[in-house]
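> Sequence plus predicted model, see below.
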Amino acid sequence: MRSHRSHNEDIASLLGMLEKGRFISRAQAAKLFGCSEKTVNSLIKELRENGHDIHYSRSLQKYILRNSEKK
């Protein structure tokens, strides 16, 4: 069962993690947010649909946010 966090809070937290370079894996995010990895995939997909350039770096083994306003 999901924790009391709202969808919008999860989106904002995930984006913040990406902006700071602290998002490592779907599994870690799922544990943090109290949801499944599939839900984390959906959150990432939603951020992408909202114009965020998110990619998985195999060399870094984490998701990265490209062209972030914060450089």
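Thanks, I have the structure now.

> hey, let's count contacts and neighbours off CA atoms from now on
OK.

> Can you tell me the element Ile11 falls in?
helix 7-19 (DSSP states H and E).

> What residues of stretch 12-24 count as buried?
Within stretch 12-24, the residues scored as buried using 16 or more other CA atoms under 10 Å are Leu14, Leu15, Met17, Leu18, Glu19, Phe23, Ile24.

> With stretch 54-63 instead?
Applying a neighbour-count criterion of 16+ other CA under 10 Å, one finds Ile54, Lys62, Tyr63 buried in stretch 54-63.

> So which of the residues you listed belong to strands?
Counted as lying in strands by DSSP state E, out of these, are Ile54, Lys62, Tyr63.

> List the beta-bridge partners for the second one.
So the one you mean is Lys62. Ser57 (DSSP bridges).

> For it, give me its contacts.
Lys62 is in contact with Phe23, Ile24, Ser25, Tyr56, counting by CA atoms under 8 Å, 6 or more residues apart in numbering.
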